[in-house]
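A.B. asks: sequence plus predicted model, see below.
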Amino acid sequence: MKYNFLLLFLILIIITTTLAEKALEISKKKITLITTPVVCEFKKKDINEDYDIDSDVVVKCQNAFCSSSESSVITSAGLVNITTAGTYIIQGSFYGQVRIDASKNDFVHLVLDDTIISSGNGPAIYGLSADKITITVVGNSTLADSSNYNFEDSEPDACLFSNSDLSINGSGNLVVSGNYGDAIRTKKDLRIVNTNINITNAVKKGIKAKNSLCVKKTTINIVSSDTGIKVTRNDCSSKGYIVIYGGSITISSGKDGIHAEKHLTINDGYIDIKESKEGLESEKIDILGGEIHIMSISDGINASLSKFTNNVDEVISAFEPEDPSNSNDNIYVNIIGGKIYITTKGDCSDGIDSNGILYIGGEAEVYTSIETGEIYGRKAAIDVERTNAIGDEAMVFITTGEVSNNNNEEEEKKEDGSQSNTENNNNETISNHDKNNKSKETHSNLGQGFIDHLRKIGRLFKREGPGPNGIIYHPYIYTNVSPQSSGTQITIKNSDDQVIGSYTPNVSFSTILVTSPRMVIDETYTIILGTTTSTNQKFLVTKAISGALTDQSDHNDVEIDNSMIQVNDDHVEVDDIDFNSNIDSNFDFDTKSYSNVPSNTNGKIYTVFDHNSIPVNEINDYNKYELNNSMNINESNPSDKENNDNSISQNNGETNTEYLLRILGMNSEEIEEELEKAKANKK
């Protein structure tokens, strides 16, 4: 018994020292995030909606024929060919194609005045050649292409197709059906300003541009089998971007909702991605404002490195978030404004996945729910390769569902072998026979039984924090609750019965993380699930940094400088954003109890400690145990030590090995590694 206790104590010292060294290393590391939200330039030709019915060219259409008195307009059955610069007003219904075949320096302004264009062969509007094409929508206009194209080449391949720069504006409504491939596509830059576009069907992508896309004060609705909105170029740092300034965008897509190969910047507006594989995807993502709703079966937001072929016209993405080689500090998700609601329903999905850095700050509100998985880690609500940080002013509300235990149960059966007694699923009782077996294993095999026990507990109590590079800069609540169904409202109230946060997940959940600038250290908060009061649970919260709960009175504030870049700059220099935090390396065990904690807490309490302490009483992962104020190991009574090491404590219903695993925040593999080191040192 004495050897067992000494070994456990030695392990505890080694692991605690290791954690302290890691924390000190993190505190000394300079965390740099260079954010470069893109600024779009809208030129006069992009926003100009002016036309003159008396002086500009009018093309009147009916059925398969159109007429015009201008020589620059060549008409035939099913075809209107515009050959020179100018403003052209298309009126009526036309069964055919409007083709723009001007010189490479010409600007063509096309006005759709209550126009219906339905093509029997290829695009409804085909921008074959021009310097720039601007389409102004007046009244209600409709474009539809054929389901089969009779062209030798693979292009054109969209209902509205342009080889030139393309702009769409106007206060009217444009309905587009992409019956063959994409609905709207340009091989250069696309600007959409102050208009309304409804893509009712796209066999492939809804809107596709090669170089860039900028959207301002526009209503867009997209239903597509492929990606909703995509910009494909990624071989140039000043291209491959999407910028959104206000308006409303609704997308139901078979693949990504919005995908920019290099950079996605959302300044404002309402975005509702109702269906997608991945909601938002790019190498760099800056969300500065707006309201965003994402429903996905894979990642809600994904920042990953893109790859492309040598054929610059066929740029493809190879986003591999599990591949460490894609990890890069130049890849990031930067959320410093707006409200973001993310729901993922896939078995292998992340809420926010960044192969580089994640920062949530400013006055941003982020609400994330995943159907299965953890809060932090692989296939989790937050999956980040490098630094992930939640700033002082941000509101973050995360829920996750339960992870399937089928694989774990099979693995446990193999590992247990002849062990006749195992812990039940609720981890509430262990038989005396099992306790004695574990004690014998621990003594006879230098702690192998202890290792096996920790491995099992590690699976049952898996609860990953922000990770070694994770930072939370203000108080939070992080706990499990009994499984709740989709649509159950979560309300957080302070001791004055004021609501500081509320969220209704669209999927079932059993784990909650909430952090808010309205939370105050040392204050008690109540979680209300649904509308009943019988499930109320109270919490005393503390500050958190680097995955450990700690006082933050001495950390340096995060300095935020979101530098803007012009899209046509080949070289950009911006100031660094430094996350500087100081973590005291002197971790001392300091158990505290509080007389002011309400008695009806159901064990749902966070204890408070200062920055020189390590937490010894966190919220229990399964919400079943009362507050435990000491390990209660009595040196003079060997039986007490045995009971404390191998049995359920009467104070909180957990063994000391479970207790050790929980307070250190380590998984079973890490514990096993430290045990092996302890054995080697002993030899």
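C.D. replies: Good, I have the coordinates. Numbers count the residues shown, from 1 in each chain.
A.B. asks: how about low-confidence regions in this structure?
C.D. replies: Residues of the chain meeting the criterion pLDDT under 70: 1-34, 307-327, 403-469, 532-672, 674-675, 677-683.
A.B. asks: which residue ranges make up the domains of it?
C.D. replies: Domain ranges of the chain: 1-29+405-461+613-683, 48-187, per automatic domain parsing.
A.B. asks: am I right that residue 167 is in contact with residue 132?
C.D. replies: Yes - assessed by CB atoms under 8 Å, residue 167 is found in contact with residue 132 at 7.2 Å. (Glycine included, C-beta is placed from N, CA and C.)
A.B. asks: mutual contacts of these two, please.
C.D. replies: Here residue 167 and residue 132 have residue 45 as joint contacts, going by CB atoms under 8 Å, 6 or more residues apart in numbering.
A.B. asks: residues touching residue 185, list them.
C.D. replies: Applying CB under 8 Å, 6+ apart, the residues near residue 185 are 156-158, 160-162, 205, 207-209.
A.B. asks: what about 6 Å?
C.D. replies: If you count contacts by CB atoms under 6 Å, 6 or more residues apart in numbering, residue 185 has them with 158, 161, 208.
A.B. asks: quick one: the helices in the protein?
C.D. replies: Applying DSSP state H to the chain gives helices spanning 2-28, 44-47, 406-416, 432-444, 448-460, 638-646, 656-664, 668-682.
A.B. asks: what residue, apart from its backbone neighbours, is nearest residue 264 spatially?
C.D. replies: residue 282 (4.0 Å; CB to CB, 6 or more residues apart in numbering).
A.B. asks: so how far is residue 75 from the one you found?
C.D. replies: In this structure, residue 282 and residue 75 are 43 Å apart, going by CB to CB, to the nearest Å.
A.B. asks: with residue 239 instead?
C.D. replies: From residue 239 to residue 75 the distance is 37 Å (CB to CB).
A.B. asks: in terms of neighbours, single out the busier of those two.
C.D. replies: Remark: of residue 239 and residue 75, residue 239 carries more neighbours, 21 against 16, as counted by other CB atoms under 10 Å.
A.B. asks: I figured that one was touching residue 210, is that so?
C.D. replies: No - in this structure, residue 239 is not within contact of residue 210 by CB atoms under 6 Å, at 8.0 Å.
A.B. asks: which neighbours do the two have in common?
C.D. replies: The contact lists of residue 239 and residue 210 share residue 233, where a contact means CB under 6 Å, 6+ apart.
A.B. asks: residue contacts, residue 255?
C.D. replies: Contacts of residue 255 by CB under 6 Å, 6+ apart are 226-227, 277.
A.B. asks: go again with 8 Å.
C.D. replies: Here residue 255 is in contact with 226-227, 276-278 (CB under 8 Å, 6+ apart).
A.B. asks: quick check: phi and psi at it.
C.D. replies: Phi and psi for residue 255, reported as degrees, to the nearest 10, are phi -120, psi -120.
A.B. asks: now it: how far from residue 48?
C.D. replies: Distance of residue 255 to residue 48, computed by CB to CB: 34 Å.
A.B. asks: so residue 513 sits against residue 370, correct?
C.D. replies: No - counting by CB under 8 Å, residue 513 sits too far from residue 370 to count as a contact (11.6 Å).
A.B. asks: identify the contacts common to the two.
C.D. replies: Residues touching both residue 513 and residue 370 (CB under 8 Å, 6+ apart): 381, 399.
A.B. asks: and these two? Which one has more around it.
C.D. replies: Counted by other CB under 10 Å, residue 513 and residue 370 do not tie: residue 370 has more neighbours, with 33 against 22.
A.B. asks: skipping adjacent residues, who's closest to the more buried one in space?
C.D. replies: The shortest distance from residue 370 to any non-neighbouring residue, by CB to CB, 6+ apart, is to residue 344 (4.7 Å).
A.B. asks: spit out the contact partners of the one you found.
C.D. replies: Neighbouring residues of residue 344 by CB under 8 Å, 6+ apart: 295-300, 350-351, 369-371.
A.B. asks: hmm, back to that, the contacts of residue 255: which two are farthest apart?
C.D. replies: Largest separation among the contacts of residue 255 by CB to CB: 226 and 278, giving 12.4 Å.
A.B. asks: comparing these two, which residue is more hemmed in?
C.D. replies: Remark: of residue 226 and residue 278, residue 278 carries more neighbours, 29 against 20, as counted by other CB under 10 Å.
A.B. asks: for the more buried one, phi and psi?
C.D. replies: With angles defined as degrees, to the nearest 10, residue 278 sits at phi -130, psi 140.
A.B. asks: is it true that it touches residue 258?
C.D. replies: No - if you go by CB under 8 Å, residue 278 and residue 258 don't touch, sitting 9.4 Å apart.
A.B. asks: between the two, what contacts are shared?
C.D. replies: What both residue 278 and residue 258 touch, as defined by CB under 8 Å, 6+ apart, is an empty set.
A.B. asks: what about residue 159, how many residues close to it?
C.D. replies: Neighbour count for residue 159, taken as other CB under 10 Å: 31.
A.B. asks: ok, it to residue 165 distance?
C.D. replies: Residue 159 is 18 Å from residue 165, by CB to CB.
A.B. asks: now residue 132
C.D. replies: Using CB to CB, residue 132 is found at 4 Å from residue 165.
A.B. asks: excluding residues flanking it in the chain, which one is nearest residue 208?
C.D. replies: In space, residue 208 is closest to residue 185, 4.4 Å off (CB to CB, 6+ apart).
A.B. asks: list the buried residues of stretch 133-148.
C.D. replies: Neighbour counts over stretch 133-148 (16 or more other CB atoms under 10 Å) mark 133-138, 141-146 as buried.
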